[in-house]
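Undergrad: quick one: sequence and predicted model below, then my questions.
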Amino acid sequence: MREIPAPPMGLLAELTHRCPLACPYCSNPLTLARASGEMDTGAWLRVLTEAAGLGVLQAHFSGGEPLIRNDLEILIAHAASLGLYSNLITSGMTLTHKRVRALAEAGLDHAQLSLQDTEAEGADLFAGAKGALARKTAAAAMLREADLPLTINAVMHRGNLDHLEEMIETALRLGAGRLEIAHVQYYGWALRNRAALMPTRAQVEKASEIAAAARQRLSGIMVIDYVTPDYYAERPKACMGGWGQRFLCVDPVGLVLPCHAAATIPGLDFDNVRERPLAEIWRDGQAFNRFRGTEWMRAPCRNCEWRETDWGGCRCQALALTGEAEAADPACHLSPHHGRLRKMAEEEAEAAPPAFIYRRL
Amino acid sequence: MSEKPLDPATCLTLARGVKMRFDEIRGQWMLNAPERVLVLDEIAKEILSRCDGGTRISDLCWQLAIEFAEPLETVEADVMELLQDLLHRGFLRQ
């Protein structure tokens, strides 16, 4: 008999795959959902109600670009009425004063704004858009004027990692209370562009030092989250806090996923929230139970003392790099593929970067 | 951590974007912050609910010592440790 899983903490609501940016490391799937297939307001309101009832504490409104949905304020207001902590994950490209006021009035708790680079040229190149830096700087100012707490999300890779000091300064100047220094994770579009994005080991080591020093220096002023990138790590991360343990993701058409990249894994059946209650999907859904807990594990995970700490790492990454989703995440030094992974990263990083393949519908 | 110790005359408050709420489903107090959730035990909840921006840490310790009939020194040690940690992690501000 299966144990009843603990309730999820967070809901990632991917309202749309539409986006004004075309970042080459986008975590959206290679096959993007079209606007015509997106769930309507009523369906999303029901998802939020069911999520709160299930025990979700935080709702992350994401995409694509969630601002493209003109019912975003309605959804945020509903989340607030349910006691959910609401987080807007945005590119900020289409933000206006009027929209910010509406979001604040709806009860938005926090905004996370992406920043691609600290230089205009790089920002445009890495966002696949024009005028990104200026628009984002303006967006940050609008959010701060409305007194909304702000996180700057900086996705780092070989093209911008040498600007990390400037990124930290920029986040401070923009009034961020938190900076998330996120190394690219290689699935979806990022996997396609891996050779163009992979930093050198020396870049990563320097960045880790800068981040550690800034964290000390800015203690009590700005929270800095920094995680060593997988390909240069010794131990894997507990992806999503463990499969089917803390998070669920609802995609634009209503599919409920244990992680936003889970659709890359073959053999998983994703339920649609339009057809089945969220609580039932969380508890009984095939995709959620496939890698939940430790039963599915093989060696070296099965008997590892860390198996309930890192939960075997990332399933999508295991699949992408070993061909088997049940394998240990090769980010782990105990994986037989670990050495090969490191070597591949180093070789790719040393070679001239190929041109980006930008995401498109 | 190498920062200087907290002054007991400081009034702390929850940092921007940090909210405390009771979670009916788990029957526990929670501290919600950007991308983070902290489960609070009864003592932490009592301490944090007094971090209202107007109560000095020293007064807060007195209140708790009286309410829970504990020696002031014990309360002070526990309170300082918790507040220092949460301040460092960005859940609180001065």
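TA: Yes, it's here.
Undergrad: the chain: helices as residue ranges?
TA: Just so you know, I chose chain A. A:41-54, A:72-81, A:97-106, A:120-127, A:132-145, A:164-173, A:189-192, A:194-197, A:201-217, A:278-284, A:286-290, A:315-322, A:338-350 (DSSP state H).
Undergrad: hmm, I had chain B in mind actually
TA: Assigned helices in chain B, in chain order: B:42-48, B:57-67, B:72-88 (criterion: DSSP H).
Undergrad: residue A:324: which of the ones you listed is closest?
TA: Proximity to residue A:324 (CB to CB) singles out helix B:72-88 among the helices of chain B, at 41.1 Å. Any C-beta I mention is one placed from the backbone N, CA and C, and that applies to glycine too.
Undergrad: same for that closest one, what does it pack against?
TA: helix B:42-48, helix B:57-67, strand B:92-93 (3 or more CB pairs under 8 Å, 6 or more residues apart in numbering or on different chains; DSSP states H and E).
Undergrad: looking at the ones you listed, which is closest to chain A?
TA: For chain A, the closest of the helices and strands packed on helix B:72-88 is strand B:92-93, at 7.3 Å, according to CB to the nearest CB.
Undergrad: briefly note if that closest one comes near chain A.
TA: Yes: residues of strand B:92-93 contacting chain A under CB under 8 Å from any CB of the partner chain: residue B:93.
Undergrad: so which residues on chain B come close to chain A?
TA: So chain B meets chain A at B:1-3, B:15-17, B:19, B:21, B:23, B:25-26, B:30, B:32, B:34-35, B:37, B:87-90, B:93-94 (CB under 8 Å from any CB).
Undergrad: buried members of those residues into ChimeraX, please.
TA: Of those, the buried ones can be selected in ChimeraX as follows, counting by 16 or more other CB atoms under 10 Å in any protein chain shown:
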select /B:15,16,17,23,30,32,34,35,87,88,90,93
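Undergrad: once you drop chain neighbours, what's closest to residue 39?
TA: Here I'm looking at chain A. The shortest distance from residue A:39 to any non-neighbouring residue, by CB to CB, 6 or more residues apart in numbering or on different chains, is to residue A:254 (5.0 Å).
Undergrad: if you could check chain B rather than the one you did, that'd help
TA: Residue B:39's closest residue in space is residue B:28 (CB to CB, 6+ apart), at 5.5 Å.
Undergrad: picking up where we left off before, columns mean pLDDT on top of the helices of chain B, output as CSV?
TA: CSV is the format used below for those (pLDDT from 0 to 100):
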stretch, mean pLDDT
helix B:42-48, 95
helix B:57-67, 95
helix B:72-88, 94
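Undergrad: contact partners for residue A:251?
TA: A:14, A:33, A:257, A:260, A:263 (CB atoms under 8 Å, 6 or more residues apart in numbering or on different chains).
Undergrad: out of those residues, which sit inside strands?
TA: Secondary structure assignment by DSSP state E places A:14, A:257 of the contacts of residue A:251 in strands.
Undergrad: so what's the residue lying farthest from the centre of chain B up against?
TA: Distance from the C-alpha centroid of chain B, by CA atoms, centre = their mean, peaks at residue B:25 (22.9 Å). Applying CB under 8 Å, 6+ apart, one finds that residue B:25 lies in contact with A:7, A:54-55.
Undergrad: so which of those residues also contact chain B?
TA: A:7, A:54-55.
Undergrad: out of these, who's nearest residue B:9?
TA: Using CB to CB, the ones next to chain B among the contacts of residue B:25 come closest to residue B:9 at residue A:55, 39.8 Å.
Undergrad: so the nearest residue to residue B:40 once chain neighbours are set aside versus residue B:83, what's the distance?
TA: Spatial nearest neighbour of residue B:40, chain neighbours left out: residue B:29 (4.1 Å); criterion: CB to CB, 6+ apart. Computed as CB to CB, to the nearest Å, the residue B:29 to residue B:83 distance reads 16 Å.
Undergrad: same question for residue A:4.
TA: 36 Å.
Undergrad: chain neighbours aside, what residue packs nearest to the closest residue to chain A within chain B?
TA: Closest to chain A within chain B is residue B:17: 3.0 Å, counting by CB to the nearest CB. Ranked by CB to CB, 6+ apart and with sequence neighbours excluded, the top spatial neighbour of residue B:17 is residue A:149, at 3.0 Å.
Undergrad: what residues are up against the one you found?
TA: The neighbours of residue A:149, taking CB under 8 Å, 6+ apart as the test, are A:109-111, A:177-178, B:16-17, B:34.
Undergrad: which residues touch residue A:344?
TA: Going by CB under 8 Å, 6+ apart, residue A:344 touches residue A:231.
Undergrad: who touches the residue lying closest to residue A:233 once chain neighbours are set aside in this structure?
TA: Computed as CB to CB, 6+ apart, the closest residue to residue A:233 that is not its neighbour in sequence is residue A:331, at 5.1 Å. Residues near residue A:331 by CB under 8 Å, 6+ apart: A:230-231, A:233, A:235-237, A:313-314, A:317, A:338, A:341.
Undergrad: I'd like those as CSV, with distance to residue B:74 and pLDDT appended.
TA: Shown next, in CSV, are the contacts of residue A:331 (distance: CB to CB, whole Å; pLDDT from 0 to 100):
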residue, distance to residue B:74, pLDDT
A:230, 44, 87
A:231, 48, 88
A:233, 41, 89
A:235, 38, 92
A:236, 41, 94
A:237, 38, 92
A:313, 42, 95
A:314, 44, 94
A:317, 47, 92
A:338, 48, 95
A:341, 51, 90
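Undergrad: ok, those vs chain B, which is closest?
TA: Comparing the contacts of residue A:331 against chain B with CB to the nearest CB places residue A:237 closest, at 14.5 Å.
Undergrad: what about that closest one, neighbour count?
TA: 19 (other CB atoms under 10 Å in any protein chain shown).
Undergrad: hmm, it is touching residue A:312, no?
TA: No: using CB atoms under 8 Å as the test, residue A:237 is too far from residue A:312 to be in contact (10.5 Å).
Undergrad: picking that back up, quick one: closest of the helices of chain B to residue A:193.
TA: Short answer: helix B:72-88, nearest of the helices of chain B by CB to CB, at 36.8 Å.
Undergrad: ok, back up a step: distance check, the residue nearest to residue A:39 against chain B.
TA: Residue A:254 sits 23 Å away from chain B, going by CB to the nearest CB, to the nearest Å.
Undergrad: over to residue A:174?
TA: 14 Å.
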